[in-house]
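*Asks:* from the sequence below, what's the structure:
(chains A and B)
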Amino acid sequence: MRYLPLSEADRSAMLTVIGAASIDDLFSDVPEEARLNSPIHGLPMHASEMAVERQLAAMARKNMVAGEVPFFLGCGAYKHHVPASVDHLIQRGEFLTAYTPYQPEIAQGTLQVLFEFQSQVARLLGCEVANASMYDGSTACWEAIGMARRITRRKKALLSSGLHPHYVAVCATMAKFTGDTLDLATPELTAATDAERLIAGIDAETSAVVVQYPDILGRITDLAPIAEAAHAKGALLIAVVTEPVALGLINSPGEMGADIVVGEGQSIGVGLQFGGPYVGLFACREKHVRQMPGRLAGETVDAEGKRGFVLTLSTREQHIRREKATSNICTNSGLCALAFSIHMTLLGEKGLRQLASLNHARAVEVAERLAAIPGVELVNDAFFNEFTLKLPVEARPAVHAMVEKGVLSGVSLGRLYPGAAELANGLVIAVTEVVSDADIDALETALQEQCS
Amino acid sequence: MTINPSGWKPSSPVAARSYGATTTGNRALMLEEPLIFEIGDSEATGVDFSAAPSGVSRLGGLERFAPIGLPGLSEPLTVRHYTRLSRQNYAIDLGLFPLGSCTMKHNPRLNEKIARLPGFADIHPLQPQETVQGAIQLINELSEWLIALTGMYGVAMSPKAGAHGELCGLLAIRAALEARGDAREVVLVPESAHGTNPATAAFCGYRVEDIPATNEGRVDLEALKSRLGPDVAAVMITNPNTCGLFEPEMKAISDAVHAAGGFVYCDGANFNAIVGKVRPGDLGIDAMHINLHKTFSTPHGGGGPGSGPVVMSEALAPYGPLPYSARYADGTYRIVEEEVAADEHPDAFGRMVAFHGQMGMFTRALAYILSHGADGLAQVAEDSVLNANYILRSLEDVLDAPFAHSGPCMHEAIFSDKGFAEGFSTIDVAKGLIDEGFHPMTMYFPLVVHGAMLVEPTETESKASLDQFIVALRSIAERARAGDEALKAAPIHAPRRRLDETLAARKPILTYRNPIPEGAEAGEGVELGGR
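*Replies:* This is a model prediction of the structure:
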């Protein structure tokens, strides 16, 4: 077997050193009745590299690949062009096959990358500090609510109706068990967000207001008035960014007064991958850093005074504090954070702004063309690279029908909000730099067909 | 605009030049590398975009004018920056990485290739399900393997890592208890458990109590039995445990917990020792997470991502989370989500994560499993246990092995710092190993062994590699016993000497701060996070 270096001669020599007659002797603690003495019945035996590749490639070929068709899906996962050097660099064995940097003297590569990642994320989100990553945006969102509870000692969070419904579901699942109260609402197909509901809903019990920016329908709204209202009542503002490319063109949540900014970093450096692994971004004010979940890399010096980096403030973490830790997270999303950081370095501020401008200009163009189809209405006034259409027909069957035409047209709100009749005609369309003119033509034609 | 006007800043030592010191601070192939903020520039970029067509912007008055403060680098400089940084890391690709409890085995490159097939890598999680049948089929086939290998009833694939899997298991347990109107408040956890166990129990609202261990490093069954009662929701056991020992009374533990109305959670971090040899389902376990990034060799990536599917017993599976994959009678596959949950999975405790889990890890894990097959996986367990026992017996004369007298270990060997000279501890041995070209073992864990050194070689090491490691560790152990002061200075050959962790925590510097320009007032120009 190609991954196992020991020969039979090695094995018997080693057993001699150990003083065991057979391998079975080494499993003597396992009760006889629990031991399997032959390979588990019904499972295949080992296979060659070629055979495995053939078998799995056949499964891969059954899927409709985003890059091969007109593709307009977003809602928390975005298709952007990732430069070839990103994937090359993250496959360097020294990054790919390293563990969490618990021995800093021989992990400076990972640690410096994490320090740079934290610095990039903090600047992008407009915050003072950021951590070394969470699993993804949805789990980061719940962790932020928990952190706000610890800071404010209040247990009621007010969630915007524009928050991704999967994120809401994750928070609702956890809140059932922690006793937090969540104030929830379903979005409406209007140009205005529910900022007014949020501002009116904050009271002396509110730990945090949670607002997605841009939101699930692609709408963008000024967070400053919400931050001000929250702070006036002693509550925090948590902003959730699922499309970080937007922040190349619009003001960051931190600058508008958000106390904690979390996000999904997949857009930058990480491919779609059917939903994971992605990379959770988590940033906050420096004064709250000791309530933050997750790992932090920090700068220090070595015994000779040279600058170096270590994991720090670990008294917040499970391996030191056990049941008193700020979170149970251990493994995070290190390699995706590396991909994010490399892509962000390649972009730089100039590239990020150009990328964001290109996305926005493309999206405006597509929105205007599609809104011109009779019966189709553009819901948004303001948006970045994603917007919602109200179709004259139910969107979900239309999406399936457009698949038949080879077009992945968008995410129907019926998929995200099953049972919400008033949202059934909503179709969320994301337009990024990868969309070609021919793709837009194909979408326009397909949608016209569905709406006529 | 330059972000750091001071430019490149070698962090060369201020101390007197010793033999071999260089002007640049570089040492031949070991190259010092500044931060991107010190070499990058907000106008530099490594990408080319066509100009955006001019048109009306629809940003609702939120257009950004202020700088963000992000440095850019051209492609050659980017490649060089990260390549240089990579060379300051130890990795499995370089050598033995015996970090106990972490299962640092070889990561086959076929798995990387499979994960990058466009049919897996370039599909959106919300694509209509008829367009991703192959992807769902892959998740389903991996699910079936995990169920067969563990002898369990169902599996939740969405947890993102081991700790997230623990959370999944405990939430299912809590939902099952609540469904029968049973509000239990306590979770019992052995002192030797991973820190994630008590943290997870607390994270979902339980009170945590310790279970004592016997002198043989096992769960004290009698003590456990006497603590069980109507308030105990679950017992979290790691098996094989963190001392590298199998819990021979696991079935009796499970029976006692079940008799008291509780559930048994097993931390599956050490599944590598028993995969293909023992099915946890035969031991009465109700839920166990499987670290795909350990047993099934998806790469650790410097801290993640992981993936932590949770296998569940028949009693618990109905309460598992959404979504899950299913194969229908007509041969189609589905991700079962909220929409049909009322009919198909009515008791689900809810959703743990956006989308469907770590697809990129599932592809790699299935490629690994298919490569080994049922026979190869059993061989994995055997070789991992053989390698650990070989290390245990080759070093027990120079290192105290607290449980070695009671029999063989499983896939990891544990030693203590007993017998070291006054003032010498485990950390000195670990840092000495670095100079010898090895990654150290896990230090000071589990907490039940004084100065613990937990060595997990894994099955992908050759005998020659183990022999070299044994020689190195033997020599360092002898130095620690003899009180060789030079060992306290180790490492001296690594990219950095011992780092000041106290300073890092006392005065945290967590993000890059722009330096104060020459002649400016103190405080001016110091920017945090670009603000």
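
*Asks:* in the sheet, who's paired with the residue of chain B found nearest chain A?
*Replies:* Taking CB to the nearest CB, chain A has its nearest neighbour within chain B at B:Gly72, 1.4 Å off. C-beta: built from backbone N, CA, C; applies to glycine. With DSSP bridges as the criterion, B:Gly72 is bridged to B:Asp41.

*Asks:* lowest-pLDDT helix or strand in chain A?
*Replies:* Every helix and strand in chain A was compared by mean pLDDT, DSSP states H and E; the lowest is helix A:318-321, with a mean of 81.

*Asks:* and for B:Leu399, nearest residue in space, chain neighbours not counted?
*Replies:* Nearest non-adjacent residue to B:Leu399, counting by CB to CB, 6 or more residues apart in numbering or on different chains: B:Phe415, 4.1 Å away.

*Asks:* regarding that neighbour, what is its secondary structure?
*Replies:* Three-state call for B:Phe415 (DSSP: H, G, I helix; E, B strand; the rest coil): strand.

*Asks:* which residues touch it?
*Replies:* B:Phe415 sits next to B:395, B:399-402, B:452-453, B:455 when contact means CB atoms under 8 Å, 6 or more residues apart in numbering or on different chains.

*Asks:* secondary structure class for A:Ser119?
*Replies:* helix.

*Asks:* how far away is it from A:Phe282?
*Replies:* 14 Å (CB to CB, to the nearest Å).

*Asks:* neighbour count winner among the two?
*Replies:* A:Phe282 (30 against 27; other CB atoms under 10 Å in any protein chain shown).

*Asks:* send the alpha carbons of the strand or helix carrying the more buried one over as CSV?
*Replies:* Under the criterion of DSSP states H and E, A:Phe282 resides in strand A:280-284. The C-alpha coordinates for strand A:280-284 follow below in CSV (Å, rounded to 0.1, in the frame of the first residue of the first chain):
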residue,chain,number,x,y,z
GLY,A,280,-14.7,33.3,9.0
LEU,A,281,-13.5,36.9,9.6
PHE,A,282,-13.8,38.3,13.1
ALA,A,283,-12.7,41.8,14.0
CYS,A,284,-13.5,44.2,16.9
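
*Asks:* quick one, strands of the stretch 301-450 of chain B?
*Replies:* In the stretch 301-450 of chain B, the segments counted as strands under DSSP state E, counting those that start in this stretch are B:310-312, B:324-327, B:333-336, B:413-415, B:442-443.

*Asks:* weakest of these in terms of mean pLDDT?
*Replies:* Among the strands of the stretch 301-450 of chain B, strand B:324-327 has the lowest mean pLDDT, at a mean of 92.

*Asks:* quick one: buried residues of that strand?
*Replies:* Buried residues in strand B:324-327, counted by 16 or more other CB atoms under 10 Å in any protein chain shown: B:324-326.

*Asks:* show me what that strand is packed against.
*Replies:* helix B:133-150, strand B:154-156, strand B:333-336 (3 or more CB pairs under 8 Å, 6 or more residues apart in numbering or on different chains; DSSP states H and E).

*Asks:* gap between it and the chain center?
*Replies:* Relative to its chain's centre, strand B:324-327 lies at 27 Å (CA atoms, centre = their mean, to the nearest Å).

*Asks:* pairing partners for that strand, with directions?
*Replies:* strand B:333-336 (antiparallel).

*Asks:* ok so, going back, just give me how far the strand holding A:Phe282 sits from the chain centre.
*Replies:* The answer for strand A:280-284 is 11 Å, by CA atoms, centre = their mean.

*Asks:* thinking again about what came up before, give me whichever of the helices and strands packed on strand B:324-327 is most buried.
*Replies:* strand B:154-156 (a mean of 25; mean count of other CB atoms under 10 Å in any protein chain shown).

*Asks:* can you name the residue of chain A nearest to chain B?
*Replies:* A:Gly348 (1.4 Å).

*Asks:* for the residue nearest to that residue when sequence neighbours are not counted, give me its contacts.
*Replies:* Leaving aside its chain neighbours, A:Gly348 sits nearest to B:Gly72 (1.4 Å; criterion: CB to CB, 6+ apart). By CB under 8 Å, 6+ apart, the contact set of B:Gly72 is A:345-351, B:40-46.

*Asks:* retrieve the pLDDT associated with the residue nearest the centre of chain A.
*Replies:* By CA atoms, centre = their mean, chain A has its centre lying nearest to A:Glu264, at 3.1 Å. Looking at A:Glu264, its pLDDT reads 98.

*Asks:* which SSE is A:Ala239 in?
*Replies:* A:Ala239 belongs to strand A:236-241, assigned by DSSP H and E.

*Asks:* show me what that strand is packed up against.
*Replies:* The contact analysis (3+ CB pairs under 8 Å, 6+ apart) places strand A:236-241 against helix A:137-152, strand A:206-212, helix A:224-232, strand A:260-264.

*Asks:* domains of chain A?
*Replies:* Domains of chain A are assigned by automatic domain parsing as A:67-81+A:350-451, A:84-343.

*Asks:* now chain B, which segments are flagged as low pLDDT?
*Replies:* Scanning chain B with the threshold set as pLDDT under 70 gives B:1-19, B:516-531.

*Asks:* distance from the chain centre to stretch A:297-308, please.
*Replies:* Using CA atoms, centre = their mean, the offset of stretch A:297-308 from its chain centre is 31 Å.

*Asks:* the longest helix anywhere in chain A vs strand A:280-284, what angle?
*Replies:* In chain A, with assignment by DSSP state H, the single longest helix is helix A:334-371. Helix A:334-371 and strand A:280-284 are oriented at 100 degrees to each other (axes from the mean of the first three to the mean of the last three CA atoms, to 10 degrees).

*Asks:* quick one: mean pLDDT for helix A:334-371?
*Replies:* 97.

*Asks:* would you mark the buried spots in that helix?
*Replies:* A:334-367, A:370.

*Asks:* ok so, going back, strands paired with the strand holding A:Ala239, and their directions?
*Replies:* strand A:206-212 (parallel), strand A:260-264 (parallel).

*Asks:* okay, the angle between the first one and helix A:137-152?
*Replies:* Compare the direction of strand A:206-212 with that of helix A:137-152 by the same axes, to 10 degrees and you get 150 degrees.

*Asks:* would you mark the buried spots in strand A:206-212?
*Replies:* Neighbour-count burial for strand A:206-212 [16+ other CB under 10 Å]: A:206-212.
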